[in-house]
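Visitor: Here's a sequence, model it:
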Amino acid sequence: MSLRTHLSRSGAYSYEPCHPLIDVDMARWLWSFFSIPKISGEMMEEHHRNEALCKVLDSEGTNAASADTSVEPSTNPTAALEEEHLLRLRAEADALDKAQRLQVAQEQLAEYAVEKSQTAAGILQHAEAVEQALQLLTSSSSQAMPVDLLQQVQLLKQKLAEAAVEAQAFSEQQQADVERLKRSSHQAQLMDVDGDIEHKRARDSVGNGLEDSSDDQEEQEQEPSSSTEASTDAEQDAAAAAAAPVSADFVAARSKPGNSASSVSVSNGVRQQGPGFRERCKYIPLRLELKERRLLRLLEAALNVSEYTDKVDILAWRSKTSRVHAQIKDFCAILSGLVVAQDYKRGQQLVADRDFDQNSDFFQDVFEIGRRYKIMNPEKMRSEFGKLMYMLMDSADMTVQDLLGFSCVRPLNTVASFLEERGRLEMLDDPLMEIATAEIVAGDRPRMAVQRDIKVKERAREQLAKKYRHSQLSEEEILWAIYSISDNNSYLLFNRDPIDRMLQYFISTFRPDAIEDPYSLAITGGRGGARLTHSHERQYHYVLQSLTLWREISNDMFKLWYLAEEDMLREGASYRLCDTGQGLNRVQSAPRLSRAMHGILGRCQAQIGSWVGSSVIHLGDHNVPNALFFLNKYTQVPQILNPVVLVLDELPKLYNKDHNLAQYIDATFGSLDDCRKLILTDFCRHAFDGSGADNFFDAGSCIDGRLTSAWNWCSKVEKKPYYHIFKVAGFSGFDGDFQK
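Guide: Numbering: from 1, shown residues only. Coordinates of the predicted model:
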């Protein structure tokens, strides 16, 4: 029963004297005296909230945006102030974007200066070696070397020394400028907190907020733009090792799958999990049950027909109030539709009473199920998930929460939280967990060996279920948690292992110190669409470190997804609605995700021992506007590499099976080995050549620019001479089915 119905039935809105002899005023006083205590403060607060929500939902004209700003300005002073504030907000957003571009450009210039300084020092060492060789040759030979030759060598050495000193000075100056800029920008953000809070309060009092749904508390917690917050230690390590060769131990380790610290080992075809098992389970979501899958289908259907972002994310709003009203209307429409579809009788009551707080648990469960399902299946809900996340981002706004009376976001159900709640977290430390959740790879192994591994895995599951069951945790629930961890291993098999396979092909085909003509990896800017200029050795290191970084990101994707959701859905989180060159997008910082990414980057730099190119991570700018874009970018890596790896794996089988195809390959490419080398050479050259954009801010050698180049290569694969081989090997595309 709603509060309004309860009050009307209890007489709070109408009363009659209980006896004709009692005075009317006396009756009113008596009725108020006895009826007011029955209405608790909590009920009154709910009543006021419902009244405010009803006013918003019953208001007219809030669904449509304001008139086009191209018309003549109104003579109304309030409208003039609104237009002025709109222009000021746009100018501030544009200035912030330009400042971020400038800061990234300065970082890239500093890294380039370090690289050239080390190159100059290396050339100077070669000149000194040439001089020493000439002097040794002069002393050992009976014939004197020409004096002019020795003088020219000494002059060359002197000029190279001067150039090396100048390059070193310029590099140190650029690094100092970057550090000073970081400190000054950080101090400016700290100094502007108080003033920015007062400015926002004044702006909201006038009714202007436009697309900036900000909160004062979030401004204090927000970190600098993640594209410029690389740690100083990581930058120094990268600068010190920029020209160092890749260690032979690392190359040897990469030639075997699963030998990194965060990988799984392979033993008899069974992939076993490495250390940090309990830590991994903090970010592994629980598998969906049957009843949860029904709610998932309901959520997908509701999001499929929703036009939430089309109505809310537009620049024509004149005030924050109008935009919030539109958010509330569309949000409540989706919530009402979910309840009506699930329980028609309860949905009728919700539509009539508009008391969403009574169904808060249902809404939180439905949205959590959608988020959990997406993490386990990144290729699913490709259009619906963006609507869901943006809707939940708006629901985190305190104004929306005050009107609804509850938060739509609750923590994800993970394996660790599930076991901890039932007092069996120690099960994750049991050695049998590795066997019970291991992914069994059949490959070319005998069927008997595969069946034996399956039976060992099933026995380990049964032993764990019997060992850790108790009154609050049944055997079925233990198996549910084990199956959820196995789902994560299956995800790694199909998303991380293709990168391992590509690393194996790359390391076994190419060497940094030897060039097999015509399979050189060298690229030159301006030729073949390349924007970078790398020698064979330098491109080898560049490709190796890029694949290694992608591999580590895919290995930690569940953790990154968990942190990305925390950044996007935290209460009071702010974002700016900006035109990023690819339409209107929500630009929002992601401090937790950025810290994790810089940790992965530092780990890769320590493993490889060198770093070629820029280490700038774009996050929270016009390239990667928010954490959702980041997730979408790096979940595409397996979709890019998987088809290439499958073609390379299938070619030997097709070559030996089809005689006509073998003749075609021999006549066109020379041999099967030459065909595979051609594919690998073209991929490693032009999928990592800095292409895909017309400037070094959007593409180039930065962390995200490497993936942009790979996308650009995918878009041109049908023009490659080996495209027919791709089609014969079963290639259909890189993107898959967008809807399913």
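Visitor: Run through the helices of the stretch 351-500 of the chain in chain order.
Guide: Using DSSP state H, counting those that start in this stretch, the helices of the stretch 351-500 of the chain run over 360-376, 384-395, 398-404, 415-421, 432-436, 447-468, 475-495, 497-509.
Visitor: Of the ones you listed, which is nearest Asp313?
Guide: Nearest to Asp313 among the helices of the stretch 351-500 of the chain is helix 384-395 (7.3 Å), distances taken as C-beta to C-beta. From N, CA and C alone the C-beta is placed, and that goes for glycine too.
Visitor: tell me which strands and helices the closest one is in contact with?
Guide: Applying 3 or more C-beta pairs under 8 Å, 6 or more residues apart in numbering; DSSP states H and E, we find helix 384-395 packed against helix 290-305, helix 308-312, helix 320-342, helix 360-376, helix 398-404, helix 557-569.
Visitor: Quick one: the strands in the stretch 551-700 of the chain, in order.
Guide: 576-579, 584-587 (DSSP state E, counting those that start in this stretch).
Visitor: Low-confidence stretches in the stretch 251-400 of the chain?
Guide: 251-275, 316-325, 354 (pLDDT under 70).
Visitor: before we move on, what about the stretch 501-650 of the chain?
Guide: In the stretch 501-650 of the chain (pLDDT under 70), no residue qualifies.
Visitor: name the helices or strands packed onto the longest helix seen in the chain?
Guide: Counting by DSSP state H, the longest helix found in the chain is helix 77-140. Packing partners of helix 77-140 (3+ C-beta pairs under 8 Å, 6+ apart): helix 147-206, helix 232-240, strand 576-579.
Visitor: So for Ala120, which of the helices of the stretch 351-500 of the chain sits nearest?
Guide: helix 497-509 (29.6 Å).
Visitor: how close does Thr635 get to Met376?
Guide: To Met376, Thr635 is 12 Å away according to C-beta to C-beta, to the nearest Å.
Visitor: Then Leu661?
Guide: If you go by C-beta to C-beta, the gap between Leu661 and Met376 works out to 38 Å.
Visitor: try Val728
Guide: Counting by C-beta to C-beta - Val728 and Met376 are separated by 34 Å.
Visitor: Kindly report the same for Gln663.
Guide: For Gln663, the distance to Met376 - C-beta to C-beta - is 45 Å.
Visitor: which of the two has more neighbours?
Guide: Met376 (19 against 10; other C-beta atoms under 10 Å).
Visitor: Next, the contact list for the more buried one, please.
Guide: 285, 287, 487-488, 491 (C-beta atoms under 8 Å, 6 or more residues apart in numbering).
Visitor: With just CA atoms, put stretch 399-415 into CSV.
Guide: C-alpha atoms of stretch 399-415 as CSV (Å, rounded to 0.1, in the frame of the first residue of the first chain):
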residue,chain,number,x,y,z
THR,A,399,19.6,14.1,-7.2
VAL,A,400,18.3,11.0,-8.9
GLN,A,401,18.9,8.8,-5.8
ASP,A,402,17.0,11.3,-3.6
LEU,A,403,14.0,11.1,-5.9
LEU,A,404,14.0,7.3,-6.3
GLY,A,405,14.8,6.6,-2.7
PHE,A,406,17.5,4.0,-3.4
SER,A,407,20.6,3.2,-5.3
CYS,A,408,20.4,1.0,-8.4
VAL,A,409,24.0,-0.3,-8.1
ARG,A,410,25.2,-2.9,-5.7
PRO,A,411,28.5,-4.8,-5.6
LEU,A,412,29.0,-7.7,-7.9
ASN,A,413,28.6,-11.3,-6.7
THR,A,414,32.1,-12.7,-7.0
VAL,A,415,33.4,-16.1,-6.0
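Visitor: can you list the residues that contact that stretch?
Guide: 46, 49, 52-53, 56, 281-286, 324, 327-328, 331-332, 356-357, 360, 363-364, 367-368, 371-372, 375, 392, 394-396, 417, 428, 481, 484-485, 562, 565, 569, 571.
Visitor: one step back: would you mind putting the contacts of Met376 into JSON lines with neighbour count and distance to Glu552 alongside?
Guide: Below are those laid out as JSON lines (neighbours: other C-beta atoms under 10 Å; distance: C-beta to C-beta, whole Å):
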{"residue": "Pro285", "neighbour count": "25", "distance to Glu552": "21"}
{"residue": "Arg287", "neighbour count": "20", "distance to Glu552": "25"}
{"residue": "Asp487", "neighbour count": "19", "distance to Glu552": "21"}
{"residue": "Asn488", "neighbour count": "23", "distance to Glu552": "16"}
{"residue": "Tyr491", "neighbour count": "20", "distance to Glu552": "15"}
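Visitor: among those, which two are most distant?
Guide: Pairwise over the contacts of Met376, using C-beta to C-beta, the maximum falls at Arg287 and Tyr491, 11.8 Å.
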